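Trainee: Just the structure for this:
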Amino acid sequence: MKLLPAALAAFAVGVTVASFATAPIRAPEDRPYPGEIHLTVDASDLEHRVVRVHESITGVGADTVLLFPKWLPGNHGPTGPLDRLAGLTVAANGSKLEWTRDTVDVYAFHVAVPAGVKSIELDFQYLSPTSARVGRLEIGHNVLILDWNTVILYPAGYYSRQIPVQASLTLPAGWKLGSALEPVANTGAQTTFKPVTLNNLIDSPVYAGRYTAQLDLDPAGTVPVHMDLFADRPESLYVKPEQLAAHRALVQQAYKLFGSHHYSHYDFLYSLTEEVAQKGLEHHQSTEVGANPDLFTDWDKTAWARDLLPHEYTHSWNGKFRRPADLWTPNFNVPMQDTLLWVYEGQTQYWGNVLAGRSGLRTKQQALDQLALTAAFYEVQAGRQWRPLQDTTNDPIYQMRRPSSWRDWERAEDYYNEGMLVWLDADTLIRQRSKGKHSLDDFAHAFFGINDGSYVTVTYTFDDIVAALNAVEPYDWATFLHERTDSVGKPAPLDGLRRGGYHLVYAETPTDYAKTSDEQRKHNNQIFSIGMDIDQKDGSLASVLWDGPAFKANLVEGDVILAVNGNAYNPEALSDAIKAAKGTSAKIELIVKSGERYKVADIDYHNGLRYPRLERDAASAALLDDILAPRR
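Mentor: Predicted structure coming up:
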């Protein structure tokens with residue numbers, strides 16, 4: 001590295017970067033913080049998408065270290081957006097104080113607090129992205145999402161549950177909000193919330209918008225459960241009676257499954273917008289979910305998106321109330337370990353699909369069709385040959401969902417969907433061995449249903465999982481789970497489908513569910529035939545199957561198809577070419593733009609169109625039908 005003359009001069013005279021000594025960052029201790037945080041947030045600047053923050057922190061001392069949240073629950077990794085914090089100033093008694101960033105842990109800020117000062121004032125901005133190039137959009141002209149972890153610095157040395165916070169939020173005039181936080185005062189556009197611990201604050205995001213609606217999902221219940229809708233336009237807020245009934249059935253089916261609840265009230269925070277990012281993130285007393293504005297108005301076309309809500313709702317039991325011991329941390333800057341994400345996320349993915357079917361958010365056939373797509377992907381996935389499922393639990397820590405050119409070879413967070421197949425395997429095995437007397441429902445009820453009404457987190461280990469399964473149905477569950485999570489080179493875990501009374505087969509036409517999903521995603525999925533998925537917006541390859549026919553023809557993700565067998569590309573032309581090559585020796589000729597080059601790719605494939613579906617095996621009991629049937 002070449003040093004500029006000014007820098008060389010600084011080194012020559014011994015100038016230091018910081019003018020005060022920095023103390024070590026204290027590890028968190030489970031003791032009450034001797035002060036509190038008053039947090040004032042102004043999110044009304046829709047034009048610049050800049051959120052302005054003021055904090056008053058009492059109880060500080062001479063060696064104060066402030067932390068910006070880094071390791072975020074639900075993200076399972078170090079994803080705190082520190083790069084968006086700007087304009088930080090610290091003051092006490094009207095005078096500015098000096099601060100310096102820790103050079104090892106850059107999420108920590110050392111503050112030079114004079115002797116006798118017990119309170120400091122902070123001001124800074126959170127620079128929410130203004131374009132998708134920078135990051136996921138959080139603020140639009142009609143909807144905004146505020147995650148409290150982006151707008152707070154907190155004292156090091158304490159468990160997050162021991163730091164009290166009084167928060168207030170200013171929104172654009174006329175906007176309404178939804179949150180698990182409880183408002184105690186409204187002054188114009190500013191809402192002040194009931195004091196909570198830092199832990200609960202960060203677990204309680206705010207959705208707000210110009211066009212809103214709140215639906216009661218449990219009118220006869222003793223605990224309120226609402227769905228708070230925020231939309232780009234008012235017509236998106238209309239929910240038909242049968243759609244509302246399915247969401248109400250979701251709550252009741254979850255109660256029948258778990259036999260408990262772990263919240264004093266619950267809010268589904270639902271954005272129906274193209275202005276801000278559509279996300280799915282769990283919280284203890286709320287959930288963040290998003291969908292296209294036409295979710296309810298084009299209900300028949302959106303079945304593919306309807307397991308997100310039950311998935312995130314299930315997390316109130318699995319993940320928030322009961323959490324893997326190495327994933328629980330005392331504050332938001334202690335590193336997480338994700339070894340049991342195939343339980344935290346994998347079993348939640350399983351229950352999300354099951355509860356979608358039981359509640360009527362999906363039909364039984366739609367739930368089966370989704371399982372077929374998942375099973376088929378793992379049947380052809382190459383990455384299972386070298387990388388165990390267990391290792392994918394590390395992905396949130398280093399991969400962080402960045403785009404990848406060879407997703408199926410690298411493997412990416414397979415603890416979700418392959419984990420779902422493992423738990424289907426376990427469920428059908430319990431049902432078969434017990435002759436229908438027991439099921440994974442019994443495990444869920446006993447394991448996640450404890451301490452009804454409490455939302456104090458209870459942790460678990462691998463041995464706890466094994467013990468709870470053995471209490472339902474004695475078996476060598478430790479070996480069962482290790483074989484499916486630690487091994488490589490074995491076939492996909494599809495025994496649950498076969499034991500459930502179904503076979504994975506391939507047909508020349510897609511299921512209605514798969515067809516609609518592709519239409520909504522604007523994709524042409526030919527992964528199971530020529531080994532590639534095409535983005536319909538521009539004909540580019542969204543993914544290429546490792547060592548598949550397209551791979552062997554030297555095609556890669558990002559290539560753009562221009563022509564098929566001499567004709568301009570469109571989905572029908574490609575399908576016709578695949579069908580025409582079936583049973584022949586003729587290759588499928590593509591003209592492709594690859595970066596700034598053009599090339600001809602000859603695909604040597606002759607087995608026709610292949611779309612996955614499940615076929616009923618009349619020789620076996622329909623256990624999968626029983627699993628998807630509503631609980632009475």
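Trainee: Kindly provide the distance from residue 263 to residue 223.
Mentor: Distance, residue 263 to residue 223, using Cβ to Cβ, to the nearest Å: 7 Å. Just so you know, the C-beta spots here come from the backbone N, C-alpha and C atoms, and that holds for glycine as well.
Trainee: higher neighbour count, the two?
Mentor: Set side by side, residue 263 and residue 223 show more neighbours around residue 263, with 21 against 13, by other Cβ atoms under 10 Å.
Trainee: Hmm, residue 313 and the more buried one touching each other?
Mentor: No - between residue 263 and residue 313 there is no contact under Cβ atoms under 8 Å: 10.5 Å.
Trainee: quick one, what contacts the spatially closest residue to residue 68 that is not a sequence neighbour?
Mentor: Nearest-residue entry for residue 68: residue 107, 4.8 Å, with adjacent residues in sequence omitted and distances by Cβ to Cβ, 6 or more residues apart in numbering. By Cβ atoms under 8 Å, 6 or more residues apart in numbering, the contact set of residue 107 is 67-70, 80, 82, 333.
Trainee: Type out the PyMOL command that picks the buried ones from the residues you listed.
Mentor: Those of the contacts of residue 107 that count as buried under 16 or more other Cβ atoms under 10 Å are selected in PyMOL with:
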select buried, resi 67+68+69+70+80+333
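Trainee: Sitting in strands, which of the contacts of residue 107 do you find?
Mentor: Here DSSP state E is the test, and these give residue 67 as lying in strands.
Trainee: Reformat the contacts of residue 107 into TSV and put pLDDT and distance to residue 453 next to each item.
Mentor: Output for the contacts of residue 107, formatted as TSV (pLDDT from 0 to 100; distance: Cβ to Cβ, whole Å):
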residue	pLDDT	distance to residue 453
67	98	32
68	98	34
69	98	28
70	98	32
80	97	32
82	98	37
333	98	31
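Trainee: quick one: pLDDT of the residue nearest to residue 68?
Mentor: Reported pLDDT at residue 107 in the predicted model: 98.
Trainee: Over to residue 37?
Mentor: Predicted confidence (pLDDT) for residue 37: 98.
Trainee: What of the one 5 residues further on?
Mentor: As summarised for this prediction, residue 42 has a pLDDT of 98.
Trainee: Likewise for the one 4 residues further on?
Mentor: At residue 46, the pLDDT value in this model is 97.
Trainee: Which strand or helix spans residue 91?
Mentor: Per DSSP states H and E, residue 91 falls inside strand 85-92.
Trainee: For the spatially closest residue to residue 126 that is not a sequence neighbour, what are phi and psi?
Mentor: Take residue 126 and drop its neighbours on the chain: the residue closest to it by Cβ to Cβ, 6+ apart is residue 51, 4.2 Å away. Phi and psi for residue 51, reported as degrees, to the nearest 10, are phi -100, psi 130.
Trainee: Could you verify my assumption that residue 51 touches residue 151?
Mentor: Yes - applying Cβ under 8 Å as the test, residue 51 and residue 151 come out as touching, 5.9 Å apart.
Trainee: if I look at these two, which residues touch both of them?
Mentor: The contact sets of residue 51 and residue 151 overlap at 41, 126 (Cβ under 8 Å, 6+ apart).
Trainee: if we look at stretch 115-132, which residues are touching it?
Mentor: So stretch 115-132 is contacted by 35, 48-62, 64, 66, 84-93, 97, 111, 113, 135-139, 150-151, 153 (Cβ under 8 Å, 6+ apart).
Trainee: Which members of these are classed as buried?
Mentor: Among the contacts of stretch 115-132, those buried by neighbour count (16+ other Cβ under 10 Å) are 35, 49-53, 55, 57, 59-60, 64, 66, 84-85, 88, 90, 92, 97, 111, 113, 137-139, 150-151, 153.
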